[in-house]
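*Asks:* what's the 3D shape of this:
(one chain, ligands or ions: 1)
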Amino acid sequence: MAPKISFLGAAREVTGSCFLVETGEVRFLIDCGMFQGGRKAPARNRKPFGFDPESIDFVLLTHAHIDHSGLLPKLTKAGFTGPIFATEATANLLGVMLPDSAHIQESDARKHWRRSKRGAAASTEPIYTMKDVRLCLRQVHAISYNTKLTPHGEVCCRFRDAGHILGSAIIEVWISEGDGETTKIVFSGDLGQPGRPILRDPTPIWSRCSPECVAKEIPYWSRPGHSFSSLWPPY
Ligand SMILES: [Zn+2]
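*Replies:* From the prediction side, this is the model:
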């Protein structure tokens, strides 16, 4: 059975990134982001996940921006107990950004609670709290760029520079199934542009065995004058 990919966020929009990858043997997520912007975003973030969090084996995280990582504490609170793999810089940034997100939600919840006492219909519970974040961060595992990792017997992956923010990664994933078939999928995450200060350039993803699927995210590159051609050959 070929791996099945479900696009659970950042489809026809640029926030809420979350891909669910499934075979008969393994289920994992790439990113678990928060929806941001627009009147419907708070309600969408509160909706139960469209999958059973307990059934997820692991998460691979492209980078720490909240629209890619912000629902990780909701995921662990809902029963996900597996590892969350991220580069070391991303793991460090999560230790700042997720508590900040919890703080915002706790203060929003207090505001809603005060308003609801005046009759407004509003949820008064934060999606997650600082305590939920502390528990979630225990599941984060820092890994190195350019080193192959085997998070499951059928899955191998490698994090490559994405040049977007500190720690950001393009993730190459190879899925081998019982029938001897291997499928390669590349998740770009948010891509930066080459030649920027401090950050390393995005790694061109070339390989003898071309990926069978490339999930690109192109919020910035879609502007006039920017081209993928130097990084992403036409597979
Ligand atoms: Zn980003």
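
*Asks:* got the buried residues for stretch 158-173?
*Replies:* Within stretch 158-173, the residues scored as buried using 16 or more other Cβ atoms under 10 Å are 158-165, 167-173. In short, each C-beta sits where N, CA and C put it, glycine included.

*Asks:* widest-spaced pair of the residues you listed?
*Replies:* 165 and 173 (21.1 Å; Cβ to Cβ).

*Asks:* just the terminal-to-terminal distance for stretch 57-72.
*Replies:* Here the two ends of stretch 57-72 are set 14 Å apart, with distance taken as Cα to Cα, to the nearest Å.

*Asks:* is it positioned near the ion?
*Replies:* Yes - with Cβ under 5 Å from the ion as the measure, stretch 57-72 is seen reaching the ion through residue 65.

*Asks:* tell me the gap between that stretch and the middle of its chain.
*Replies:* Remark: stretch 57-72 is offset 3 Å from the chain centroid, using Cα atoms, centre = their mean, to the nearest Å.

*Asks:* what of stretch 80-89?
*Replies:* Per Cα atoms, centre = their mean, the centroid offset for stretch 80-89 relative to its chain is 10 Å.

*Asks:* contacts for it, please.
*Replies:* Residues from elsewhere that reach stretch 80-89 (Cβ atoms under 8 Å, 6 or more residues apart in numbering): 53-54, 56-61, 63-64, 72, 94, 136, 139-145, 149, 151, 157, 159, 166-169.

*Asks:* which of the residues you listed are buried, as a ChimeraX select command?
*Replies:* Buried residues within those, by 16+ other Cβ under 10 Å, are selected in ChimeraX with:
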select :53,56,57,58,59,60,61,63,64,72,94,136,139,140,141,143,145,149,151,157,159,167,168,169
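
*Asks:* narrow the contacts of stretch 80-89 to those in strands?
*Replies:* 58, 59, 60, 140, 141, 142, 143, 149, 151, 157, 159, 169 (DSSP state E).
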